[in-house]
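Engineer: got a sequence here, can you model it:
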Amino acid sequence: MDRAPLDRRDWIAGLEKGLAILEAFDNEHARMTPSEAAARTGLTRTAARRYLLTLEHLGYVSGDGKQFGLTPRVLRVGWSYFDSARLPKLVQPYLQQLSARINESVYVSVLDEWELVFIARNSASRVMSTGFVLGARVPAPLTSAGIVLLAHWPDSEAVRRWLVESELHPFTPHTVTSKTGVLDSLQTARANGYAIVEQQLQSGVRGLAVPVKNRHGEVIAALSTNMPIDKESAEKAIQRVLAPLQEAALALMNVV
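Structural biologist: A predicted model of the protein is given here:
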């Protein structure tokens with residue numbers, strides 16, 4: 001996703017590099033040496049070591065002299081979004097009503113680059129194993145919410161270019177890894193006004209999503225639910241939850 005250029009006089013390169021170090025940690029790189037951090041960020045080993053030591057001093061990473069890992073203090077940065085952002089607070093009462101109505105967990109999510117991020121949720125009363133925690137990030141094409149948001153992205157050509165340049169990885173035997181297949185899903189979602197996907201990210205799970213628009217008609221988020229497939233057909237699931245999702249999205253249009 002393209003961003004407007006920033007005047008070089010306003011650019012703080014050190015901040016960019018420090019954030020790059022923090023973002024370099026993930027499930028496969030939970031602890032890293034300065035050399036490993038340098039390789040993942042494009043910094044020199046000396047620079048990576050200095051950033052790691054500074055972040056250690058500030059409490060964002062911990063180290064044993066050789067390897068470094070993130071500390072819980074990093075959550076302060078991420079959780080500040082939920083403490084300060086307007087959208088998650090506004091949608092929560094609507095999610096509570098919707099979840100009680102359809103007896104499913106419901107979510108509001110947005111795109112960050114080409115990943116889907118869940119920013120609000122409300123759980124169903126029954127126990128389920130299909131949920132996402134707040135702040136969870138997943139590849140957008142694997143979820144109904146991601147398909148809806150990509151389908152309504154204003155620059156469809158940018159979406160197409162990203163898909164062409166991307167490598168789609170299977171998460172289940174049913175994951176669509178064909179770029180033509182994903183494009184077909186986007187076209188269908190845009191035409192229908194909703195998206196339904198099955199077993200793309202987790203076996204036995206179906207997702208259905210609708211776009212959330214602001215009062216200017218701009219799509220700003222997706223409202224979705226995940227449900228176990230069980231013995232319910234896709235057609236029955238659509239009949240049961242689509243109208244409540246659409247009604248909630250329409251109600252949100254007046255407040256977001």
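
Engineer: now the chain, which segments are flagged as low pLDDT?
Structural biologist: In the prediction, the chain carries residues with pLDDT under 70 at positions 1-3, 125-131.

Engineer: please save the CA atoms from the strand or helix carrying residue 235 in CSV.
Structural biologist: Secondary structure assignment for residue 235, by DSSP states H and E: helix 234-252. Extracted C-alpha coordinates of helix 234-252, given in CSV (Å, rounded to 0.1, in the frame of the first residue of the first chain):
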residue,chain,number,x,y,z
ALA,A,234,-23.0,-22.8,3.6
GLU,A,235,-26.4,-21.8,2.4
LYS,A,236,-27.9,-22.3,5.8
ALA,A,237,-25.1,-20.4,7.5
ILE,A,238,-25.7,-17.5,5.1
GLN,A,239,-29.5,-17.5,5.8
ARG,A,240,-28.8,-17.6,9.6
VAL,A,241,-26.1,-14.9,10.0
LEU,A,242,-25.8,-12.7,6.9
ALA,A,243,-28.8,-10.5,7.6
PRO,A,244,-27.8,-9.8,11.2
LEU,A,245,-24.3,-9.0,10.1
GLN,A,246,-25.6,-6.6,7.5
GLU,A,247,-28.0,-4.9,9.9
ALA,A,248,-25.2,-4.4,12.4
ALA,A,249,-22.9,-3.0,9.8
LEU,A,250,-25.7,-0.6,8.7
ALA,A,251,-26.2,0.5,12.3
LEU,A,252,-22.4,1.1,12.7
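
Engineer: what residues of that helix count as buried?
Structural biologist: 237-238, 240-242, 244-245, 248-249, 252 (16 or more other Cβ atoms under 10 Å). (Glycine included, C-beta is placed from N, CA and C.)

Engineer: can I get those residues in TSV including distance to residue 223?
Structural biologist: TSV is the format used below for the buried residues of helix 234-252 (distance: Cβ to Cβ, whole Å):
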residue	distance to residue 223
237	15
238	15
240	15
241	11
242	11
244	10
245	6
248	6
249	5
252	7
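
Engineer: between those residues, which sits nearest residue 97?
Structural biologist: Closest to residue 97 out of those is residue 248 (7.4 Å), distances taken as Cβ to Cβ.

Engineer: gap between the closest residue to that closest one other than its chain neighbours and residue 225?
Structural biologist: Ranked by Cβ to Cβ, 6 or more residues apart in numbering and with sequence neighbours excluded, the top spatial neighbour of residue 248 is residue 98, at 4.6 Å. Distance, residue 98 to residue 225, using Cβ to Cβ, to the nearest Å: 8 Å.

Engineer: and the two? Which one has more around it.
Structural biologist: residue 225 (28 against 23; other Cβ atoms under 10 Å).
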